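*Asks:* here is my input; please provide its structure:
(chains A and B)
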Amino acid sequence: MPQRPPRRAPRIARTAAAATFLALSGACGRATPDHAAERASDASRPAPTNAATTALQAALAAPRPADEWLAIVPALATREAVWQAALAADAPILPLSADVDAAAQRAQALAIADPRMTAAAHDAATGAPLRSEVMQIRPVVPADLTASAEACRGIDCHRVEVYNYAANVTWTAFVDVAGERVVDVRSSPATQPEIPAHLAALAVEIARAAPEVEALLGGRPEAGDAVMQGVKSALNGSRCERSQHLCVAPTFVVGDQALWAVVDLTDGRLVGTRWTDVGAANAGAANGAAGGAPVTEQSLSDEVVMATYCQSPTAAARDGWTFEHVLTPSDGLELRDVRFQGRPVMRSAKLVDWHVSYSGTDGFGYSDAIGCPKFSTASVVAFNGPSFEDIREGGDVVGFRVTQDFRSELWPGPCNYRYAQYFDLYRDGRFRVGGANLGRGCGNTGTYRPVVRIDIAAGGDASGGDDRFATWDGSAWRPWEAEGWHLEDASSPVTAEGYAYRVTGGDGDGDDAVGAERGGYDIAPNRGQLGDGSRGDNAFTYVTVHRADEGDGDLLTIGPCCNADAAQGPEKFMAPPEPLDGDDLVVWIVPQLVNSNAPGAEYCWAESAVEDGRTVARVFPCAFGPLFVPIGAGE
Amino acid sequence: MGGTRKRVSGWTLATIALLGVAVAVKVWGGGSAPSGGADYGAGGGAGGGAGAIGGAAACQALPQFAATLGVGPRAMFGTSVQGVKGLAVVDPDAQAAGRSAVYQHESWDDGGYLGPFVYDRRGDIYAAPVPLVSLEENPPALQNKVYRIDSVSQAMAEFVDLPAAAPPTGANPFGVIGLAYDCDGERLYAASVAGSTAREENGRIFRIALSDGEAETILEGFDPFGVGVFNGSAGKRLYYGLARRPELFSVALDEAGDAVGEPRRELSLASVPNGTADKIRRIRFTAGPTMTLHAYDFGYTLQVASQRQERQFVFGYDAARDRWTFRHEVQLGGPAVEPTAAGAGSAAP
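*Replies:* Numbering: from 1, shown residues only, chains lettered A, B, ... in the order given. Coordinates of the predicted model:
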């Protein structure tokens, strides 16, 4: 076990000046209280609330497939084999095999066999078995004797607690052992029981085996190094308040530091870690942060996302592409200064609004902003930063996709939403700016209209200037003379290659020629031909002259939820329309995606399902976004 | 409902209550003191200074117009009524009696969506705007206001536009997020986070004279949330939650209603049983005296939290020490969480 914590940046110290000012100003009836200074004198120092001023002490675990966890945690693999056998035998309630007396064993057997408990361990709709486990067996105490268990008064009853992992429900059976009967069965939704010793040990094993923990501690800790403060995991629910999984937090104390490892026992994985100070009076604080905020799935996520992705841009380079990315308060993930082979392509690309309209009720809908999880006007927020994945065609890697995910807390529950942004960047210079809706929403009559803003640099000019825009009219490219919009549908003419629009960059001399000197891009609207299961965009395309105050900064709500026409927001910036005579242009794209929950035809939809004894999300995404192809690339 | 209304139909009364910025009180009640969700306590005397121990909002009276509405006995005011922007009266018994279930004066939606509200001894209601999900109805530049609904005429009008320390940004669309009334001084206290950013706390607590709407900053440089006034054994204090930490502070008030001396850290919700990082959005003093803290996960966003739970924590007052001790958490649908025998439940520092 390593003896020293890793190096971390020192905390920012408060100056004494603030306290002096406090005393002076207090006399004037107007004070600037230094709450932080007061905290510093407390035994309990809170977790930092401003990640920008302290070293980031939280980390999210890298996503790994379940098989990988089974491989690195043998105890997890053993347990999974037990689960599989139990599910195959349609006996999904694992008994507590710890050393319990005969009466407790009998109580457990009676509880598990009770039809009410059996029913609780199966999905009501499908009958599928749900992973459930006996967590505790103990004699009933007077505090347990509520009205429904009154029959236990004066007799030898046992309390058997069963946790249903799939439903996040604790079922409690009151068992009259001598009478060989179950007196009562109660459910406690969204409640998690105290976990038994073998699960605490499993949590420690998962934490010890996690590469993140090993890296932070500078070596793999011993099992005995872990402290399991309060195996009673509940924080009025769970440390995993978003996933609603059973989570606990083994802690490794190193000097005056403690590393909290949040472990998900439902999925068998590490969620994340956080260093805290071990305050003298709070070394055992069950919340995890020495008198400050509890360490939870959400607190880890928010801290990491805010500090790493929201405070400042991050540079990225791959496959000939370079850019910066930053999570905005309400415009999603923004890519800035996007270049291919050093040549400017986009000055900015982002998604400013999701307009959600439900046709079943006139005017019913939402304008959702997506963005940072704190200090933002986003209603659907990032749980993590962007991910990078290969794009393959015919088995070959041809580029990569930048994905940014945004979720409501309880997706895929009703009226919870999940959105994704995709930036597909190809090795041949093609690119696609789009995304997907992943359900679920508030109904099955919804139309989603994401508003995408692209400040294009078609001519490779870093200033973005001298862009031209044209529409294919069936025989030639017809230049746009002024700001405007166009609705593309299946009847709109496209070239033989499928291009409907062309944006080019001139040389700045005012020449109106399209397809000009410095090249540009043909734009293939998404009609479902791009291999992602999309049914097409049916998109409004707007072109406006770039103005810094028309979206260079974070745009607040740009338009209403429920307009079915072109009044989606960008039209505000073309009143009256300006001529397009060689300016930097901004291209706005507003696809129209109609959701469906019809069996077999689900689209823009998600629902919960039971698979392998667990609750999983079944997702039917609807992807959108046009493809930009360098002019002449296909020739 | 127009197409510009955001998250309206999707926001149930319960949802917005969970979001934490709204309260609802019964329209009527016996006598002058409101019942239901109203605050109780001592106070109500003329002039400054502390009276008997207790909350300082006991003189609150129901709006005079309430008696003219012809609503049923369960009718309530709310700023979080499903499908309604602004203040409204919801009457669960109305439909059975052939009346509309929701009553709203034509001016009550002029400020967009509203959040905290209190009322005074005359029955005037004071309310602050709070953006819900979208900013179209609640532009950030208009969120640092307090509106007054006249006890007689029902008309809502801007009462005061409070100065922000910095212009609003998309990173913080909120302004006034807490209101409290002090019977003794005929004044409001308004907690504002207008102008704050992720990196900088620029919030203020204002003292607002009801006589003329004159507002003075009494505390600044941090982000306050819920506020409440309490007459304790050592005098009157303003209690305030922090918007960024689950902590409660207080500061002594003089007869003019100004803060005197240094603020005192009262407690942290992270230290109560099943502790939380939730922020204290409302402070309610009731008989006992007890103090109920309403808390939720405020993060300066419009994040939809349709099923996010607000938590309520009850503390008892120790007059000898002028401090508060954790009693229990109000379990909305479950048993109370009691402190352990070892006293670990005490949240007093």
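*Asks:* look up phi and psi at residue A:133.
*Replies:* phi -150, psi 140 (degrees, to the nearest 10).
*Asks:* run a quick neighbour tally on the closest residue to it other than its chain neighbours.
*Replies:* Spatial nearest neighbour of residue A:133, excluding adjacent residues (Cβ to Cβ, 6 or more residues apart in numbering or on different chains): residue A:94 at 4.3 Å. Using the backbone N, CA and C atoms, a C-beta is placed for each residue, glycine as well. Counted with other Cβ atoms under 10 Å in any protein chain shown, the neighbours of residue A:94 add up to 20.
*Asks:* do the same with residue B:318
*Replies:* Residue B:318 has 13 neighbours, counted by other Cβ under 10 Å.
*Asks:* for residue 67, phi and psi?
*Replies:* Since you didn't name a chain, this refers to chain A. phi -60, psi -30.
*Asks:* please refer instead to chain B.
*Replies:* Residue torsions, per degrees, to the nearest 10, at residue B:67 are phi -70, psi -20.
*Asks:* around chain A, pick out the residues from the stretch 51-200 of chain B.
*Replies:* B:131, B:133-136, B:139-140, B:169-173, B:197-199 (Cβ under 8 Å from any Cβ of the partner chain).
*Asks:* now with 7 Å?
*Replies:* Within the stretch 51-200 of chain B, the positions lying close to chain A (Cβ under 7 Å from any Cβ of the partner chain) are B:133, B:134, B:135, B:136, B:170, B:171, B:172, B:173, B:197, B:198, B:199.
*Asks:* which stretches of the stretch 101-250 of chain A have low pLDDT?
*Replies:* By pLDDT under 70, the low-scoring segments of the stretch 101-250 of chain A are A:148, A:229-237.
*Asks:* can you give me the helices for it?
*Replies:* Using DSSP state H, counting those that start in this stretch, the helices of the stretch 101-250 of chain A run over A:102-113, A:115-120, A:197-209, A:211-217.
*Asks:* go on, chain B?
*Replies:* Here chain B has its helices, by DSSP state H, at B:13-19.
*Asks:* just to revisit the earlier point, quick check: the farthest pair among the residues of the stretch 51-200 of chain B next to chain A?
*Replies:* B:136 and B:199 (26.9 Å; Cβ to Cβ).
*Asks:* neighbour count winner among the two?
*Replies:* residue B:136 (18 against 12).
*Asks:* excluding sequence neighbours, find me the nearest residue to that one.
*Replies:* residue A:557 (4.9 Å).
*Asks:* how about residue A:120?
*Replies:* Nearest non-adjacent residue to residue A:120 (Cβ to Cβ, 6+ apart): residue A:171, at 5.0 Å.
*Asks:* and that neighbour, bridged to which residues?
*Replies:* residue A:162, residue A:187 (DSSP bridges).
*Asks:* what count of nearby residues applies to residue A:90?
*Replies:* Applying other Cβ under 10 Å, we find 12 residues neighbouring residue A:90.
*Asks:* look up which helix or strand it falls in, please.
*Replies:* Assigned by DSSP states H and E, residue A:90 falls within no helix or strand.
*Asks:* mind listing what residue B:187 touches?
*Replies:* Taking Cβ atoms under 7 Å, 6 or more residues apart in numbering or on different chains, we find residue B:187 in contact with B:207, B:208, B:209, B:210, B:257.
*Asks:* what does the stretch 301-450 of chain A have sitting close to chain B?
*Replies:* Near chain B, when you scan the stretch 301-450 of chain A using Cβ under 7 Å from any Cβ, you find A:306, A:329-330, A:361, A:363-364, A:366-367, A:373-381, A:408-410, A:415-416, A:442.
*Asks:* buried subset of those residues as a ChimeraX selection?
*Replies:* Buried members of those, defined by 16 or more other Cβ atoms under 10 Å in any protein chain shown, are picked up in ChimeraX with:
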select /A:306,329,330,363,364,366,367,373,374,375,376,377,378,379,380,381,408,409,410,415,416,442
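*Asks:* my guess is residue A:261 contacts residue A:270. True?
*Replies:* Yes - under the criterion of Cβ atoms under 7 Å, residue A:261 makes contact with residue A:270 at 6.1 Å.
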